[in-house]
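J.: Just a sequence and a predicted model for now, questions to come.
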Amino acid sequence: MKKRVLIISEIILLSLITYVISAQDIHFSQFFSSPLYTNPANTGNFEGDFRGVLNNKNQWNTFTNAYTTIAGSFDAGFNNLFIPGSRSGLGVQVFNDLAGDGKLGTTQFCADLAYYFPFGEEKNVLLGVGVMAGYIMHNINFNNFNFGNQYSGEQFNPFLPIGEEWLYDKCSYFDLGTGINILYKPKKEFILQSGFSVAHLNEPVKSFFDNADSYLPIKYSLVISLEYNIKDDLWIEPSFLAMFQNKYSEYDIGAMLRFDYNPVSLQSIYFGTFMRTADAGIIVFGFKYHNARILINYDINLSKLTSISRGKGGVEFSLIYIFMKTKPFDSPYYRKCPDFI
């Protein structure tokens with residue numbers, strides 16, 4: 001039994017090393033609630049002055065210490081900068097991920113910049129271009145692993161030397177990305193967006209072993225979304241995501257229904273379903289209260305991992321808050337009539 005535990009521990013270690021060698025990005029099921037992480041061109045792309053975003057994801061914690069991810073961003077939007085009808089944005093991102101028994105950690109700091117150019121006679125088409133520059137740090141605790149050399153033949157002894165030599169338990173690098181986004185808004189009841197982004201343009205080396213072949217490959221992302229007013233207070237918001245990184249790909253498709261309901265100061269109620277192909281079904285619900293939108297989703301695992309997970313995936317939470325500056329009040333023109341009238 002103990003020997004089996006040791007073998008499993010080594011398999012987990014090899015899996016983590018493989019992860020480092022052919023590293024892939026994490027993903028949020030609520031890709032529509034992580035705008036700057038999805039595409040730097042989304043910086044400043046909202047109605048308001050300032051936007052704060054918080055994302056939290058816990059995955060497969062029912063049967064292993066898998067992934068705990070938290071991300072936050074803050075961006076500001078400016079109208080009519082340089083060009084009438086334009087929109088520009090400036091933002092920052094902070095990201096942290098913790099995975100596995102070895103506490104493989106990822107911490108990322110990014111700065112984002114975007115600018116939207118207006119087109120058309122009615123200025124209802126905006127073409128946005130964005131760039132991202134970031135610094136990423138990784139760390140791992142090798143002391144949390146067990147190795148075959150610590151098995152004496154009869155029992156496991158954690159005090160025996162592991163027989164392995166590690167060069168580093170930390171690594172870091174700079175990261176660059178860019179993206180475009182097209183926003184088409186012919187009327188208030190119809191908003192169509194299509195964005196394409198490229199992450200890890202510089203393909204940074206990501207290794208604990210000075211391995212130049214261990215790099216973070218370029219990731220391509222395509223997102224298409226629509227907001228359409230079906231009738232009265234009922235809206236539908238379908239979204240599609242396609243991601244490609246090295247030999248891996250991911251497709252997410254689904255829709256949310258939004259009911260603009262206003263009891264006890266609520267503005268909207270959300271309910272939706274999404275599908276991540278060959279991986280998971282996603283159920284989303286939430287609400288908007290004043291300037292805050294809160295969404296919670298649960299992933300139902302549908303992949304080959306179901307035999308272990310029993311369909312249990314992960315819970316994800318998002319909070320988006322829009323700050324609006326107080327607009328100056330312009331009193332109507334007033335002239336006092338003479339007393340003799």
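T.: Looks like it arrived, so ask away.
J.: Now for Ala76, how many residues are close by?
T.: By other CB atoms under 10 Å, the residues close to Ala76 number 17. Every residue, glycine included, has its C-beta placed from N, CA and C.
J.: isn't it right next to Phe46, touching?
T.: No. Here Ala76 does not reach Phe46: they are 10.0 Å apart, not a contact under CB atoms under 8 Å.
J.: where along the stretch 101-250 of the chain do the strands fall?
T.: 104-119, 125-139, 170-187, 190-199, 219-231, 234-245, 248-259 (DSSP state E, counting those that start in this stretch).
J.: Is Ala114 in contact with Pro35, as I believe?
T.: No. With contacts counted by CB under 8 Å, Ala114 stays clear of Pro35, the gap being 10.3 Å.
J.: which neighbours do these two share?
T.: With contacts taken as CB atoms under 8 Å, 6 or more residues apart in numbering, Ala114 and Pro35 have 42-43, 45 as neighbours in common.
J.: quick one: which of the residues you listed sit in strands?
T.: Secondary structure assignment by DSSP state E places none of the shared contacts of Ala114 and Pro35 in strands.
J.: Most neighbours among those residues, which one is it?
T.: Among the shared contacts of Ala114 and Pro35, where neighbours are counted by other CB under 10 Å, the top count belongs to Thr43, at 32 neighbours.
J.: where does the stretch 1-150 of the chain dip in pLDDT?
T.: Low-confidence segments of the stretch 1-150 of the chain, defined by pLDDT under 70, span residues 1-24, 60-66.
J.: Can you show me the helices along it?
T.: Assigned by DSSP state H, counting those that start in this stretch, the stretch 1-150 of the chain shows helices spanning 2-21, 35-38.
J.: The shortest one: how far from the chain's middle?
T.: Pointing back at helix 35-38 there. The gap between the average C-alpha position of helix 35-38 and the chain average comes to 6 Å, counting by CA atoms, centre = their mean, to the nearest Å.
J.: Enumerate every residue touching Pro35.
T.: Pro35 is in contact with 42-43, 45-46, 53, 73, counting by CB under 8 Å, 6+ apart.
J.: got it, and Asn202?
T.: Contact partners of Asn202, counting by CB under 8 Å, 6+ apart, are 174-176.
J.: Report the buried residues of stretch 40-51.
T.: 40-46, 50-51 (16 or more other CB atoms under 10 Å).
J.: Pull the residues that contact that stretch.
T.: Stretch 40-51 has contacts (CB under 8 Å, 6+ apart) with 35-36, 73-78, 87-91, 112-114, 116, 128-132, 177-181, 183, 195, 197, 291, 320-325.
J.: I'd like to know which of the residues you listed are buried.
T.: The neighbour-count criterion (16+ other CB under 10 Å) marks 35-36, 73-77, 87-91, 112-114, 116, 128, 130-132, 177-181, 183, 195, 197, 320-322 among the contacts of stretch 40-51 as buried.
J.: follow-up on the earlier one: top of the contacts of Asn202 by number of neighbours, please.
T.: Using other CB under 10 Å as the neighbour criterion, Asp175 leads the contacts of Asn202 with 20 neighbours.
J.: How about it: what's its closest non-neighbour residue?
T.: Gly134 (4.5 Å; CB to CB, 6 or more residues apart in numbering).
J.: before we move on, what about Leu183?
T.: Once its chain neighbours are removed from consideration, Leu183 has its nearest residue in Leu126; the separation is 4.3 Å (CB to CB, 6+ apart).
J.: how deep is that neighbour tucked in, by neighbour count?
T.: The criterion is other CB under 10 Å. On that basis, Leu126 has 21 neighbouring residues.
J.: beta partners for it?
T.: Beta bridges link Leu126 to Pro118, Leu183 when assigned by DSSP bridges.
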